[in-house]
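Q: when you get a sec, could you give me coordinates for this:
(4 chains)
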4 protein chains.
Amino acid sequence: MMEEKVFKDPVHKYVYVQDETIWHLINTKEFQRLRRIRQLGTSYVTFHGAEHSRFSHSLGVYEITRKIISLFERNHYPDWPREERLLCLCAALLHDLGHGPFSHSIEKTFKTNHEDWTCRMILGDTEVNEVLRRIDPSFPEQVAAVIAKSYPKEIVVSLVSSQLDADRMDYLLRDAYYTGVNYGTFDMERILRMMRPYKGHVVVKDSGMHAVEDYLMSRYQMHWQVYFHPVTRSAEILLDKIFMRAKALYEDRYPFRFMVKPIQALFDQKLSVNDYFYLDEALMQTVFMYWMEEEDGVLADLCARFIHRRLFKHVPIEKEDEALAEELKLWMNRRGWKSEYYVEIDFPLDLPYDVYRPGELDEKLPILLLDERKQLNEISTRSEIVRSISGIRRGQNQLYYPAEIVALDDMPETLRRLLDADR
Amino acid sequence: MMEEKVFKDPVHKYVYVQDETIWHLINTKEFQRLRRIRQLGTSYVTFHGAEHSRFSHSLGVYEITRKIISLFERNHYPDWPREERLLCLCAALLHDLGHGPFSHSIEKTFKTNHEDWTCRMILGDTEVNEVLRRIDPSFPEQVAAVIAKSYPKEIVVSLVSSQLDADRMDYLLRDAYYTGVNYGTFDMERILRMMRPYKGHVVVKDSGMHAVEDYLMSRYQMHWQVYFHPVTRSAEILLDKIFMRAKALYEDRYPFRFMVKPIQALFDQKLSVNDYFYLDEALMQTVFMYWMEEEDGVLADLCARFIHRRLFKHVPIEKEDEALAEELKLWMNRRGWKSEYYVEIDFPLDLPYDVYRPGELDEKLPILLLDERKQLNEISTRSEIVRSISGIRRGQNQLYYPAEIVALDDMPETLRRLLDADR
Amino acid sequence: MMEEKVFKDPVHKYVYVQDETIWHLINTKEFQRLRRIRQLGTSYVTFHGAEHSRFSHSLGVYEITRKIISLFERNHYPDWPREERLLCLCAALLHDLGHGPFSHSIEKTFKTNHEDWTCRMILGDTEVNEVLRRIDPSFPEQVAAVIAKSYPKEIVVSLVSSQLDADRMDYLLRDAYYTGVNYGTFDMERILRMMRPYKGHVVVKDSGMHAVEDYLMSRYQMHWQVYFHPVTRSAEILLDKIFMRAKALYEDRYPFRFMVKPIQALFDQKLSVNDYFYLDEALMQTVFMYWMEEEDGVLADLCARFIHRRLFKHVPIEKEDEALAEELKLWMNRRGWKSEYYVEIDFPLDLPYDVYRPGELDEKLPILLLDERKQLNEISTRSEIVRSISGIRRGQNQLYYPAEIVALDDMPETLRRLLDADR
Amino acid sequence: MMEEKVFKDPVHKYVYVQDETIWHLINTKEFQRLRRIRQLGTSYVTFHGAEHSRFSHSLGVYEITRKIISLFERNHYPDWPREERLLCLCAALLHDLGHGPFSHSIEKTFKTNHEDWTCRMILGDTEVNEVLRRIDPSFPEQVAAVIAKSYPKEIVVSLVSSQLDADRMDYLLRDAYYTGVNYGTFDMERILRMMRPYKGHVVVKDSGMHAVEDYLMSRYQMHWQVYFHPVTRSAEILLDKIFMRAKALYEDRYPFRFMVKPIQALFDQKLSVNDYFYLDEALMQTVFMYWMEEEDGVLADLCARFIHRRLFKHVPIEKEDEALAEELKLWMNRRGWKSEYYVEIDFPLDLPYDVYRPGELDEKLPILLLDERKQLNEISTRSEIVRSISGIRRGQNQLYYPAEIVALDDMPETLRRLLDADR
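A: Numbers count the residues shown, from 1 in each chain, chains lettered A, B, ... in the order given. Down below sits the predicted model:
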């Protein structure tokens, strides 16, 4: 074992590196690339402090995993498989390796998937792969399997990916720190002390129930106050529209004045690992900046709105107003706007909404409480608070539109009233 | 006056905007551009949390200035010229408007100057200028004069730019917050409460002396622990070398595979305000990434080192070892390295070292204490601590070099010993 | 108006005093007495940091009230009655003036009431009364009326005493700070910014709903994790038993070796304001310490348990076990214990449980949300989270008993199993 | 080893107890008694949050010592004598065991010494002694020797008592937390990581120098801003005067209306361990409260000033004004005041001033830096900052006097000017 090294980290004070493998992984070019991808995508347009990278978050997830395992080892819990330590740490560190710039929008339009990319980067001809193979030729596959949740030991998977995993704990604390809101804080040390490896699961002692409630409440609050903030959604909708428009133009063989290879490969759905390496947020922003000068007025305009932060306005919209929204589009089309790029109704329901919801058909491992008689209980069967959070699905739908249309004289009164937030 | 608006800010909790003019300035494209310039340049290579932008800092400087003025107004201090409020706020908000990407390196190689650019952007044909002119046609000139320290009322200048100004207070607190170190913390509220407008100066009541000592100590600590961190310096030296190399190639009419207009204009020293708008850190990083594929081996190599964070190593070096360093360069040249791009001795003395130093030939306004008999005393005449900080000039010189040369078999023993940190 | 004075406060950074009256009230001997009463009674036995006084809390409540009023005044809200400012501030500062040592236990046994005492101290021949009368002869009555919730303007009462008042906000933040738990934190500044005076109520803008949810969640968590902590309850039960025993002895004309006048007056239910002044926690602790040497074995033993922190043990107990608990008492009686002083079942239901519960027959003013159409809605009609918290009534009942009885050989097996936490 | 137990602590988040011995020591009545002694004596009159006890501090010192030793063990440093672990932990926990109420004043007047009392309580017939003897009959002596600095291994002594020990680190952080000032914060984790056991000393790696400077600066600031705050000093002077007066009366056989045994034993200098147990701050406050009704006017008045916080006023005084101060006393004597109880000049020089001062004739172990060539250097030979702090001896002398004398008409003009702070 090498001499302990540390990274100064605002959330965990220090991140401790005690294994050569971890140290070398951090220094690969693929891991360093994560410095160029923001953790929170477009949230910085709403919370100016939220400019932290996936690099920071990945170190944080690693550190929490290291702390949990250290607690398990220190207390000699018999159900903890000690030989899995390094595998867990590597998977924790690398779980986000394949994230690209503004992942949600790109994945939506171009059908890429950051989890696939993580595996490609772990298994392909990369520096990360080379470091992992030094442990064992099959080690990269094992790491990829943990991240893909196909590794046979659930306890290993659940440390990295479950409803109460190092990933979620780090991002709640970190996003709260960098945005400056205090909704994301909870007593992580208490939760960690209450965790137990038990019959192949990571479970929580009964007496930790209130601390877990508090953690789930933080998740709930962060979703509504930060992750789904309508201003952030507005920027994401703009991104979606930019990608939609550029893709449509590309398919129409529009001659882009500014085009770089990774973007072309993205359009052709032929991205190589090397292209992907180039595809960071700096590149995307540069492309958007140059596209402000494209001949296509829609693309140029959308990019300028994004770069100059001239976001679409939003008003809450009810079910019964959707017909009116369609009318608005028609009216805008008549006025020469391509409304498919300029109006959007956003249903928070469609979003990858991560509030705890036991029993759903997803692969998320639920949170289990261990009581004094060694029985396991899914937490929502014990906590009324958790049940209430789990049941909430409804967010406020919002209509997004360009601010300047309100100034147009000939807007029909019914439409005007639709857009009038103070109606 | 409009309805109060707020920005969530991790350092000041909230930034309060109470004037239409401030609101409109924030929404100009020139001010939004500051989101794309990091506050701490290359410090993120050392402190991964330090990815905050000049946009955040500028809001912070504005907010501190607003708080000071609000205190002055609330207490009806007669020496405060109330009519200067908006001017102070605008100058505080805009004081960093002209900062470009990695300012220090670019300014060094291309002789640009961010303060000139700030004035050009305030006085030129910009959205900022347009907003300011709505107050009064001469208002842009007044704002520029405050920032250039040529405005006739010292009290206005000193709020924005002095040894104890809103700028320094914000960056110490903010940089400490985002790096995660706690050297930069001091009791800002106490200092603010002790400030008094007095005969054209902003001074501090005697009883605030210890709080000011603490603030100066924070500055001292942040300089040595953060701003001059040798790893950060290593990244800056790499940047210097990249710019040096690219400039030399350009002057030799080397045919760049990848070149964009703002960079060319920078090389030609013909940057327009519009070019400057494009010149952000995203663009620079994209350029460096593409230059990794240039035919020129030195440029390609230096850029790859920067992008992949393969920084030069450093060893402390004493005066008497400088001859040896020259020998190292000669030996490297013989081995085929262009040592002017690969070896550097860094003297912290040359740096824009900002520790408090009264009586120097610079324009910084000193810190004055107001005693009970209404006498003003420069703080270092009263505080032994301040005298001791002011006197410290010596930093550790460091020699920077590529890590891999140590592995070369034929390195002479004397050189090897020079590079051996544990000698 | 006098020159602004400040108190350094860990929770609010500074407490600002801007009125002579407030300054003089703080310096009265009755207000200074609050330094000698702990804010959290016996919680310090569980959380060793919780040794803060009602003096700190009272300053905090004043400061929050001051901030709210300052926001109302700064924004010129028409529904705010500006003339009530000083009345609100005085009532906020003095609302806990009548608290005695370990209030809950004393009030339970001796039927005193701290709210009555607050009024007696405001209206009686006290320094506080004298300061208030300088404003107006009827001012003490007005202050007392606000605290007694009989003042005719609800808006004034609700600032000091409602479901979202300065009192609750301060104690949650303060108790969280001093215990070191982080359950009590919420974004007070956001709530304050969302408050509006509206038609005689203080209401919250709709967009502040999530922040209020977070505040109510903090209350819920603090109740279960701090205020009703079973170890704290154990200390309170001990106090109850001490007072019960002493009262019984006194009524039996037991000759106390150590007795002081205020305690005697308490027993006689003839406390004067002057006696009450003496009745602080220092006196109570001194009395308990001396009673460790009383001839009465029960009193001496109970006091020694309290002073040496030899608290009763506790086990969770279900409804169906209560008969067993009665058996335990009988068995203990047979063994020579006076079980009425040594065994207790604690039902958290009986406690002054302060979780938000709209529609209950108490005088607490509910939390109203103001929507965009200027409609008021009680918050639980809008928030599923709030409904879920409001519905939770059940706490875990606990059986308290002396630890040493478990070691007695002849304890019947059924009783032993009752006391075995790991059964 | 028992199952790990924790205490929630605001400063260190959690205090971890891993040894039965530590657990039993904490539960002794002598250790529990420390809950009834405030850590900062009279500082609460200035900083209302500073009501934390020596119990909290003692747990904190233990926790820091535990962390240091855990680091030493984890890194397998060969110079660390592993067998001394439990001895260090016990000494750290118990080092303040003998502190009485308002120690400084009592020690000054009655020549007691808290360090002697600590040893008496460890070696005498106490619960603490009984727990320690279970380890080994000679263990109490060893613990006492470490605390008395006579234990032969310096490395053990220096963890508990040196210029950079667990004691100082805890109290700076804790006092800063509870007062709410932020002068006491420094990066403890960094200092801990830089500590090395080396040839019988605990030393600090060279690269930790700036962190140690920051720690010493915190000490300097805390001394001037908190520990020597003139308002706190005013309360201490009042205590001194109360004890002086009571002692004088006692020696004159004055018939006290209210007297308790431990106080009498204190006067007689015949305190037993059992008396000492009773002598806590609750008792002292109760005594002062009752002495407000003594017939002796001076004692009654001084006690009332203390209880009601009617402290003496203070003005800064220069050397040349001391003759005037003598005149003031004479004038007051003529007016019927016993000036020896009512006027005092306070020279901060006389105080147990703990700023770092190498080479002084005291037993404090200096701070040694370990450089890369394994040389040890006393820190002030390397750091200009430390030299400057070490050199500062001068504090501002203050004259303390009763506020009301200024209102007396016949005060000579020269005396009036002496007391006029705004002269």
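
Q: in the stretch 1-150 of chain A, what residue is nearest chain D?
A: Closest to chain D within the stretch 1-150 of chain A is A:Lys13: 5.7 Å, counting by CB to the nearest CB. For glycine as for every other residue, the C-beta is placed from the backbone atoms N, C-alpha and C.

Q: give the burial count for that residue, as a bare number.
A: When neighbours are defined as other CB atoms under 10 Å in any protein chain shown, A:Lys13 has 16 of them.

Q: try A:Glu295
A: If you count neighbours by other CB under 10 Å, A:Glu295 ends up with 11.

Q: A:Lys29 against A:Glu127, yeah?
A: Yes - using CB atoms under 8 Å, A:Lys29 makes contact with A:Glu127 at a distance of 5.7 Å.

Q: how is chain A divided into domains?
A: Listed by automatic domain parsing, the domain ranges of chain A are A:5-228, A:230-349+A:396-419.

Q: buried deepest among those domains, which one?
A: domain A:5-228 (a mean of 20; mean count of other CB atoms under 10 Å in any protein chain shown).

Q: is chain D contacted by stretch A:207-219?
A: No - judged by CB under 8 Å from any CB of the partner chain, stretch A:207-219 stays clear of chain D, getting no closer than 11.9 Å.

Q: so how far is that stretch off the chain centroid?
A: In terms of CA atoms, centre = their mean, to the nearest Å, the centre of stretch A:207-219 is found 21 Å from the chain centre.

Q: ok and the residue in the stretch 301-423 of chain A nearest chain B?
A: Nearest residue of the stretch 301-423 of chain A to chain B, counting by CB to the nearest CB: A:His308, 4.2 Å away.

Q: could you find the closest non-adjacent residue to that residue?
A: Of all residues not flanking A:His308 in the chain, B:Lys29 sits nearest, at 4.2 Å (CB to CB, 6 or more residues apart in numbering or on different chains).

Q: any part of stretch A:219-235 near chain B?
A: No - against chain B, stretch A:219-235 shows no contacts by CB under 8 Å from any CB, the least distance being 9.5 Å.

Q: got the contact list for that stretch?
A: A:40-43, A:45-47, A:168, A:172, A:175-176, A:179, A:181, A:183-184, A:306, A:309, A:311-314, A:346, A:348, A:351, A:353-356, A:389, A:392, A:395, A:398, A:400, C:210, C:213-214, C:385 (CB atoms under 8 Å, 6 or more residues apart in numbering or on different chains).

Q: ok, 6 Å please
A: With CB atoms under 6 Å, 6 or more residues apart in numbering or on different chains as the test, stretch A:219-235 has contacts from A:42-43, A:45-46, A:172, A:179, A:183-184, A:311-312, A:314, A:346, A:348, A:355, A:389, A:398, A:400, C:210, C:214.

Q: kindly report the same for stretch A:76-89.
A: The contact list for stretch A:76-89, computed with CB under 6 Å, 6+ apart, reads A:Ile22, A:Thr65, A:Ile69, A:Phe72, A:Gln142, A:Val156, A:Leu159, A:Pro197, A:Tyr198.

Q: show me what contacts the third one?
A: By CB under 6 Å, 6+ apart, the contact list for A:Ile69 reads A:Arg85.

Q: what's the answer for the first one, then?
A: Residues in contact with A:Ile22 (CB under 6 Å, 6+ apart) are A:Leu89.

Q: tell me how far it lies from A:Leu93.
A: Distance, A:Ile22 to A:Leu93, by CB to CB, to the nearest Å: 6 Å.

Q: same deal with the second one?
A: A:Thr65 sits 8 Å away from A:Leu93 when distances are taken as CB to CB.

Q: what do you get for the fourth one?
A: When distances are taken as CB to CB, A:Phe72 and A:Leu93 turn out to be 18 Å apart.

Q: cool, A:Lys8 as well?
A: 17 Å.

Q: equivalent analysis for A:Ala176, please.
A: From A:Ala176 over to A:Leu93 the distance is 22 Å, taken as CB to CB.

Q: residues of the stretch 151-300 of chain A that sit close to chain B?
A: Contacts of the stretch 151-300 of chain A with chain B, taken as CB under 6 Å from any CB of the partner chain, map to A:Gly180, A:Tyr278, A:Ala282, A:Leu283, A:Gln285, A:Thr286, A:Met289.

Q: chain center to the least confident helix or strand in chain A by mean pLDDT: distance?
A: Least confident helix or strand, chain A: helix A:384-391 with a mean of 78, by mean pLDDT, DSSP states H and E. Distance of helix A:384-391 from its chain centroid, counting by CA atoms, centre = their mean, is 23 Å.

Q: buried set for it?
A: A:Ile385, A:Val386, A:Arg387, A:Ser388, A:Ile389, A:Ser390 (16 or more other CB atoms under 10 Å in any protein chain shown).
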